[in-house]
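Visitor: okay, structure incoming, though there's no sequence with it:
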Ligand SMILES: C[S@@+](CC[C@H](N)C(=O)[O-])C[C@H]1O[C@@H](n2cnc3c(N)ncnc32)[C@H](O)[C@@H]1O
C-alpha cells in the first residue's frame, strides 16, 4: 500500500467505529480553551475532533493525506454550515488540507498543534517520524504547545503470537444500512518496532452473502523515553506528561502516553 492509499478502504467505516469515542475530546477542548486560535490538527481524518472544536467557535486547520477521510470531514462541515446558514449563524472556521504530515509547509504558525489517536505511528520509519516533528517545530509559535498522543506499548501484547484473527465489534454501515463485523489481526516486527494491523470488514448483504474489505496499517510504535528524546532532538521540550486523556499520571499500566511540549 502506498502512503497515498492510506485509509482508502477503512475511511467509509471510520466514523461508525470511532465517532462515538470522544474520550480524548475533553483534553483537546481544554487545551484549545487555554490557547489562541488557530489550532492545527495533524492527521485530522474525518474531523472526529476538529469538527466539534470548530463548532465551539475555534478556528481549526486540519491536514490529512487521505482524500477519502478528508471528503468525509468536508461533508460534515458542509452539512453543518448549511444548517448554520439557515439559522443565520456564520460558517465554521474549519480549513481542511490534503498534506503529508512528514512534509508540509503552511506558511503560518499555531499556538496549539495536536497529533492525536496514535496517528504519529503511521509515519512508518524513524526518519519519517523525525520529519513530522521537524514540520511541527517550524509551525509552532514561541509560546505554542504541541500535543502528541500515543498508546503505551504493552509488553504483554508485544510478545503475543501474531496473525490471530480477533473479533472487535459490529456496527451498521451508514451508507448501506448493512451490518459490518470488524475483525483485526496483528503482526509484530519487534526488531523494527513495527506493528502491522489488518482490518477486515465483513459486510452482511441482504441476500445473505458477505462482502469483505481489508486494509493493512503499519504502525511504528515508540516507547516513552524514545519518544521524549525524539521530541527533544527536534526542538520540543516536555512540559507535561500524562498516562491517559484525563491527565492522570503515567504508570506502567497506563494505556496512553500523552506528551505536552513547547519549543525548546
Ligand atoms: C487514526 S486516524 C485519526 C483521525 C483523527 N485525528 C481522529 O482522531 O479521529 C489516522 C489518520 O492519519 C492519517 N494519516 C496517515 N498518514 C498520514 C500522513 N503521512 N500525513 C497526513 N495524514 C496521515 C490517515 O489518513 C488517517 O486519517
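Guide: Everything's here; your move. Quick caveat: nothing in here was measured; it's all calculated off a predicted structure.

Visitor: where do the helices sit along this structure?
Guide: If DSSP state H is used as the criterion, the helices of the chain fall at 11-18, 25-34, 50-55, 67-86, 126-139, 155-158, 224-233.

Visitor: in the fourth one, what's buried?
Guide: It stands for helix 67-86. 68, 69, 70, 72, 73, 76, 77, 80, 81 (16 or more other Cβ atoms under 10 Å). Any C-beta I mention is one placed from the backbone N, CA and C, and that applies to glycine too.

Visitor: over to the first one?
Guide: Using 16+ other Cβ under 10 Å as the test for burial, helix 11-18 gives 11, 12, 13, 14, 15, 16, 17.

Visitor: give the members of those residues that are also in contact with the ligand.
Guide: For the ligand, no contacts are drawn from the buried residues of helix 11-18 by Cβ under 6 Å from any ligand atom.

Visitor: could you dump those into TSV and include distance to residue 208 and pLDDT?
Guide: As requested, the buried residues of helix 11-18 are exported to TSV (distance: Cβ to Cβ, whole Å; pLDDT from 0 to 100):
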residue	distance to residue 208	pLDDT
11	27	92
12	22	89
13	21	91
14	26	92
15	26	90
16	21	87
17	24	85
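
Visitor: among the helices of the chain, which is nearest residue 179?
Guide: Among those, the nearest to residue 179 by Cβ to Cβ is helix 11-18 (10.5 Å).

Visitor: the closest one vs helix 67-86, what angle?
Guide: Using axes from the mean of the first three to the mean of the last three Cα atoms, to 10 degrees, the inter-axis angle of helix 11-18 relative to helix 67-86 is 70 degrees.

Visitor: leaving out sequence neighbours, find the closest residue to residue 174.
Guide: residue 16 (5.8 Å; Cβ to Cβ, 6 or more residues apart in numbering).

Visitor: so how far is residue 236 from the one you found?
Guide: Distance of residue 16 to residue 236, given as Cβ to Cβ, to the nearest Å: 34 Å.

Visitor: likewise for residue 7?
Guide: 26 Å.

Visitor: again with residue 46
Guide: Distance of residue 46 to residue 236, given as Cβ to Cβ: 27 Å.

Visitor: go on, residue 23?
Guide: From residue 23 to residue 236 the distance is 25 Å (Cβ to Cβ).

Visitor: looking at these two, which is more packed in?
Guide: For residue 23 and residue 236, the more surrounded residue by other Cβ atoms under 10 Å is residue 236, and the numbers stand at 25 against 12.

Visitor: now this structure against the ligand: closest residue?
Guide: Closest approach of the chain to the ligand (Cβ to the nearest ligand atom) occurs at residue 45, with a separation of 2.5 Å.

Visitor: just checking, that residue touches residue 73?
Guide: Yes - here residue 45 reaches residue 73: they are 6.9 Å apart, a contact under Cβ atoms under 8 Å.
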